[in-house]
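J.: Model the structure of this input:
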Amino acid sequence: MGFSREAKSSKVAADARRAAEEGHRVFVAQLRGSVGHSPALSRSITEVAEMIEAIEDQGWLMDQFTSVPYRGNMTTVCLFRRARAQRPNGYQQESYQRPNGHRQQDVYQNGYRQQERRPR
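T.: Numbering: from 1, shown residues only. Have a look, this model is predicted:
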């Protein structure tokens with residue numbers, strides 16, 4: 001990880017940690033990552049992913065997000081929520097109770113898996 005990306009991840013992680021220590025149940029982060037010049041190409045935005053991971057490592061779970069392209073960058077505003085019961089750092093949660101009562105399953109609880117492709 002480059003110095004700039006590492007600094008961004010460290011900054012948002014510190015902000016997320018501080019929000020948790022202050023007892024906030026919601027954390028909103030504005031994340032920006034470079035996406036190149038062609039909007040037609042699909043690609044990963046590694047620096048944004050690393051910032052999201054840094055926030056989730058502080059015990060937050062992403063609830064909603066929106067993204068807007070701006071001058072070769074992607075600005076993403078993410079809403080994170082704390083779980084109802086506090087869990088130790090690094091504990092993987094099986095599901096998250098949303099305020100509307102629906103449960104969000106942790107699709108990565110057994111690691112990343114490639115999805116099966118269905119024939120068209």
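J.: Could you pull out the helices in this structure for me?
T.: Secondary structure of the chain (DSSP state H): helices at 3-21, 46-56.
J.: Tally up the residues packed near Val35, please.
T.: By other C-beta atoms under 10 Å, 18 other residues sit near Val35. Where C-beta positions appear, they are placed from N, C-alpha and C, glycine not excepted.
J.: For it, which residues are in contact?
T.: Contact analysis of Val35 by C-beta atoms under 8 Å, 6 or more residues apart in numbering lists 43, 45, 69, 72-74.
J.: Show the buried residues in the residues you listed.
T.: Taking 16 or more other C-beta atoms under 10 Å as the criterion, what is buried in the contacts of Val35 is 45, 74.
J.: Need the contacts of Val35 in JSON lines (columns: pLDDT).
T.: Formatted as JSON lines, the contacts of Val35 follow (pLDDT from 0 to 100):
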{"residue": "Arg43", "pLDDT": "73"}
{"residue": "Ile45", "pLDDT": "79"}
{"residue": "Pro69", "pLDDT": "82"}
{"residue": "Gly72", "pLDDT": "74"}
{"residue": "Asn73", "pLDDT": "81"}
{"residue": "Met74", "pLDDT": "83"}
